[in-house]
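Participant: dropping the sequence and predicted coords here.
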Amino acid sequence: MKTAYVNKSFPYLQLCIFTAAILLFQYKLFAFAFILCFGLIIFLLFTSEQERVFPWIIAGYLTGSLLFLYGDKMLDALSFQHFILMIFNRILLLIPILLLVYISKNLTKLPFLFGGSRIGIPKYFFHSYGAASIH
């Protein structure tokens, strides 16, 4: 049984882990960042479904950022005009965003997202105003 202290401190632990992963990645310590990510993926084996969102988001963000960095290096090697390379660079920024959207779309069935209910306020909002559903 979890205590109230553990439940209250878990988001702060997640924030510290996320900040550490981002700092390791920004300082180009990729090995340590992905070791942390691998540890979080192993952590998935022992957690409930509600706590699995965080490791997947970290893995998706780090993978998307790594793809962005290597895509940017590839663009530097191409001999196009500068403004075309800048447009392609901005398009590469969509890679981490698309990975996070894909992960969050697959994990929206978890009850802790959208305020603790399976229906959720955003889902109700989108369905009631005729926008695309969040399934």
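Facilitator: On my side now, so go ahead.

Participant: list the contacts for the residue lying closest to residue 20 once chain neighbours are set aside?
Facilitator: Of all residues not flanking residue 20 in the chain, residue 36 sits nearest, at 6.7 Å (CB to CB, 6 or more residues apart in numbering). The way it works is simple: take the backbone N, C-alpha and C, and place the C-beta from them, glycine included. Residue 36 makes contact with 17, 20, 21, 24, 58, according to CB atoms under 8 Å, 6 or more residues apart in numbering.

Participant: from those residues, which land in strands?
Facilitator: Cross-referencing these against strands under DSSP state E gives no overlap.

Participant: show the buried residues in the residues you listed.
Facilitator: Neighbour counting by 16 or more other CB atoms under 10 Å classes 17, 21, 24, 58 among those as buried.

Participant: redo the residues you listed as JSON lines? Include pLDDT and distance to residue 98.
Facilitator: As requested, the buried ones among the contacts of residue 36 are exported to JSON lines (pLDDT from 0 to 100; distance: CB to CB, whole Å):
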{"residue": "17", "pLDDT": "88", "distance to residue 98": "23"}
{"residue": "21", "pLDDT": "89", "distance to residue 98": "19"}
{"residue": "24", "pLDDT": "90", "distance to residue 98": "23"}
{"residue": "58", "pLDDT": "87", "distance to residue 98": "16"}
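
Participant: hmm, back to that, I'd like the average pLDDT over the strand or helix carrying the residue nearest to residue 20.
Facilitator: Assessed by DSSP states H and E, residue 36 sits inside helix 30-43. The average pLDDT for helix 30-43 rounds to 87.

Participant: quick one: low-confidence ranges for this protein?
Facilitator: Counting by pLDDT under 70, the chain has low-confidence residues at 1-7, 50, 108-135.

Participant: that one: helices as residue ranges?
Facilitator: 4-26, 30-43, 53-77, 82-92, 94-106, 121-128 (DSSP state H).
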